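Q: From the sequence below, what's the structure:
(chains A and B)
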Amino acid sequence: MPRFLREYFNRNGVGLGSVMLGLVLFWTIGLIILPQLSMLDFSFRPNLPPPEIGGPKDVYTLENYKYLIFGPEGGSQDYNAVDLKVFYRTLIAAILVTLFNLMLCYPIAYYLAQTKGNHIRILALMLIIPYWINEILRAFALRIIFGETGVLNNLLVGAGVFDTPFDFIRNDIALYAGLGYAYILLMIFPIYNVIESLDRNQIEAARDMGASWTRIHRRVVIPYAKPGISSGCTMVFMLSAGALAAPQILGGPSSLWFTQLIYQQFNDNSDWPQGAAYAVVLLVTCILLVLALMRVFKVNMGDIGK
Amino acid sequence: MKNFSLMRISIWVYLALFFAYLLGPLVIMSVTAFNSPGFPRAAPWECLTFEWFSALFQDERILNGIKNSVLVGIGTVILSVAMGLAGALMLTQIWPKLRATYYTIIIAPILVPGVVIGISTLVFWDRVNRMLGLDADSFLSSGLFLTVIGQSTFIASYCMLVLVARLQRYDNALTEAALDLGASHAQTFRKVLLPFMRPAIASAAVLAFLASFENYNTTTFTFGEYPTLTIELAQKVRYGITPAISALAFIIVLLTVFAALFNEAKIRRQELVAAARKTATVEELETGKLRLPGFLSSNTAAVLLVVVAMATIAVVGTATVYSPAQCIADVKETKRLETELRIQELLQRRADEAARRAAEEGEQSDQAPATDATPKPSNDSGFGNVFNPGTLQDGGTETPEEEPENSGSGGVFDPGNLQSN
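A: Modelled structure (predicted):
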């Protein structure tokens, strides 16, 4: 038995130590690493009926990835314009949703963290309540509001802003509002946690030195809150790029989210390897994007989730 | 100072807008649960009704979904709290060089899209199942098992974060002291560490249950024969929405508000009791004559809790005796009259049109095509494009009987009803 393992069992006892080790190994290897590798492996295989799996036809192929870029073989187009456009649109929209959320939430997080008083607790409570409610129901609530005969249209037509009801769903406004709505809390909390630990004296010192309000935020608060901001942005970006419920309920009939393509490959086309390949592409692209941005803004992975 | 107050006002306006965005949709959705139209809408208000609640409780699929959700939730809570605790304990004593890698691995599931977790779980266990030579309907490929496993993958990370925060304040000397005094490792764990961790374990369990209950992205790939409530809701919402869903949402909102207020009231109460003890004299404490503040005094949350409870009881009481039938009938009647009025107008306009056309045709019979260019009366009738010009040029008055069906007012009116007019 290697030394570190013996030390480990000395410290925790044999029974407890093995239970703990077993759980951790099951989680990290059995639930996290192996399934991801298995999905990666699967994405390089052809779509075969069950009896042929493991047979002579079950060889590695790049077919599924080619499909995303070039479309069906012998297709009329050079590139798979539809799917690529959906992919591109999903990433851009996720970035925009993240930025929108950041701008919306930073002032709130700052206010909550830097103000003392009883009402802050009530505000925090009001912030959390919507997040105890089902994601589907939240999307449903927005659909009631943005529908053609919804509250917003009644209001706008009534006020004379529009003559005819505006189709918020077809124009994807409902979708963006829904995605922004879904992840507000994930943006506020990390920023709040960091700003709360910022010493108020620093802000007051800056103000005494004559720094303007914008300058205080740019030079004092934002640099300090950077880990929180990047943690919030990462979570919101990953979750909105990977969102499925909001696009299904609030998305227009003609516009798709990339996760919906994956869903279709799995459930409608029963082409699991193709769906796995799309999922790998989504995952890898998102991770690379996040890592690149973290490098640009000089944040560490360890700051995420704090 | 003027600048300062301007700033204050803008902060309050911003807060108001923000919370309107956050809570407005929930309020409107709750209101629609009590309005009678079949499509959930808050305005125009028609009749107060509770029928959507009874519709909800008669829905087999929803009830079945709730049952499955609870099953999955229990499994997920047990598995993910256990794994989260083990993961957190391991984090405190893992070899420092491995620490960063280990942390990245166990935190990663939070960031991986739920869709990807669902797919990888499905693919991986399908393969394990095949390798073990089991049938397609074995335990390893049942929806219940896959959903619990898939959800626990990332919910355990949430639990781990909650537990690590508490574990950081744990003094390891306590464990050592217990061991020195002759306790076994299991005893130390059960009698020292576990009691210390209990509050964090409780909040991790609540968090895990809520996260499992509302999960959609992962579950949608793994649920198999066990559609959870979220899955059922998503299917309903995608293929047509009814106020029964609003009713369900309202119940969930109410339960949430209850839980939140209860928790808040309890915390505030503890604070007040602690404060009262602090200011009390020794004599008061010893004789047990300490006067504790009343449950409702200076405790806003408790007051609100009582108010909400009263309101709920009042509403439920009303619901059992209230019947909206009369109101619904009135609204129907009003709508019928409105529609009749419109039809009358239309008929009138058509008669005029026909008369005019007859006159025109009488004057110049070779300019017949010009009638195509006559303004279409349907455009301003409020009926949309339901009528194409062709039907109008037939000019006959035979068509009106069929109109109500196209009139956009839905199936409320049956044609026979109108023919009698």
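
Q: and B:Phe209, what is it in contact with?
A: Contact analysis of B:Phe209 by CB atoms under 8 Å, 6 or more residues apart in numbering or on different chains lists B:73, B:76-77. No exception for glycine: its C-beta is placed from N, CA and C like everyone else's.

Q: Render the CA-only coordinates of the strand or helix carrying it in CSV, please.
A: Using DSSP states H and E, B:Phe209 maps to helix B:194-214. Output of helix B:194-214 as CSV, limited to C-alpha atoms (Å, rounded to 0.1, in the frame of the first residue of the first chain):
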residue,chain,number,x,y,z
LEU,B,194,-21.8,15.2,11.7
PRO,B,195,-23.5,17.4,14.4
PHE,B,196,-21.2,20.3,13.5
MET,B,197,-22.2,19.9,9.8
ARG,B,198,-25.9,19.4,10.4
PRO,B,199,-27.1,22.9,9.4
ALA,B,200,-25.0,22.8,6.3
ILE,B,201,-26.3,19.3,5.5
ALA,B,202,-29.8,20.4,5.9
SER,B,203,-29.4,23.4,3.6
ALA,B,204,-27.5,21.2,1.1
ALA,B,205,-30.4,18.7,1.1
VAL,B,206,-33.0,21.4,0.6
LEU,B,207,-31.0,22.9,-2.2
ALA,B,208,-30.5,19.5,-3.8
PHE,B,209,-34.2,18.7,-3.7
LEU,B,210,-35.2,22.0,-5.2
ALA,B,211,-32.5,21.7,-7.9
SER,B,212,-33.7,18.1,-8.7
PHE,B,213,-37.4,19.1,-8.7
GLU,B,214,-36.9,21.9,-11.2
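
Q: Check which residues of it are buried.
A: Neighbour-count burial for helix B:194-214, counted by 16 or more other CB atoms under 10 Å in any protein chain shown, picks out B:196-197, B:200-201, B:204-205, B:207-214.

Q: Count the residues that sit near the residue of the stretch 151-300 of chain A found nearest chain B.
A: Closest residue of the stretch 151-300 of chain A to chain B, CB to the nearest CB: A:Gly242 (2.3 Å). If you count neighbours by other CB atoms under 10 Å in any protein chain shown, A:Gly242 ends up with 25.

Q: give the contact list for the closest residue to it other than its chain neighbours.
A: Nearest non-adjacent residue to A:Gly242, counting by CB to CB, 6 or more residues apart in numbering or on different chains: B:Pro113, 2.3 Å away. B:Pro113 makes contacts with A:238-239, A:241-242, A:259, A:279, A:282-283, A:286, B:217, as judged by CB under 8 Å, 6+ apart.

Q: Mind checking which residue lies nearest the centre of the chain?
A: Just so you know, I chose chain A. Taking CA atoms, centre = their mean, the centroid of chain A lies closest to A:Leu239, which sits 1.4 Å from it.

Q: that answer is for a different chain, and I need it for chain B
A: Short answer for chain B (CA atoms, centre = their mean): B:Ala249, at 4.8 Å.

Q: Packing partners of the strand or helix carrying that one?
A: B:Ala249 is part of helix B:243-279, with elements assigned from DSSP H and E. Applying 3 or more CB pairs under 8 Å, 6 or more residues apart in numbering or on different chains; DSSP states H and E, one finds that helix B:243-279 contacts helix A:118-128, helix A:135-146, helix B:2-32, helix B:51-57, helix B:229-238, helix B:300-321.

Q: average pLDDT across the second one?
A: The predicted model assigns helix A:135-146 a mean pLDDT of 83.

Q: contact partners of stretch A:283-296?
A: A:87, A:91, A:230, A:233-234, A:237-238, A:241-242, A:300-301, B:111-113, B:116.

Q: Return the closest of those with respect to B:Phe154.
A: B:Phe154 lies nearest to B:Val112 out of the contacts of stretch A:283-296, by CB to CB, at 7.1 Å.

Q: quick one, what contacts the closest one?
A: Taking CB under 8 Å, 6+ apart, we find B:Val112 in contact with A:36, A:238, A:242, A:283, B:154.

Q: repeat that with 7 Å
A: A:Leu283 (CB atoms under 7 Å, 6 or more residues apart in numbering or on different chains).

Q: quick one, phi/psi of it?
A: Backbone torsions of B:Val112, given as degrees, to the nearest 10, read phi -70, psi 130.

Q: what's the answer for the one 10 residues further on, then?
A: Here is the backbone geometry of B:Leu122 (degrees, to the nearest 10): phi -60, psi -50.

Q: B:Leu48 too?
A: phi -70, psi 130.

Q: sorry, back to before: pull out the buried residues from the contacts of B:Phe209.
A: In those, the ones that pass as buried (16+ other CB under 10 Å) are B:73, B:76-77.

Q: Which ones among these lie within helices?
A: Per DSSP state H, helices hold the following members of the buried ones among the contacts of B:Phe209: B:73, B:76-77.

Q: related to what we said a few turns ago, farthest-separated two in the contacts of stretch A:283-296?
A: Taking CB to CB, no two of these sit farther apart than A:Phe87 and A:Asn300, at 28.7 Å.

Q: Pick out whichever of the two has more residues nearby.
A: Applying other CB under 10 Å to A:Phe87 and A:Asn300 shows that A:Phe87 carries more neighbours, namely 21 against 10.
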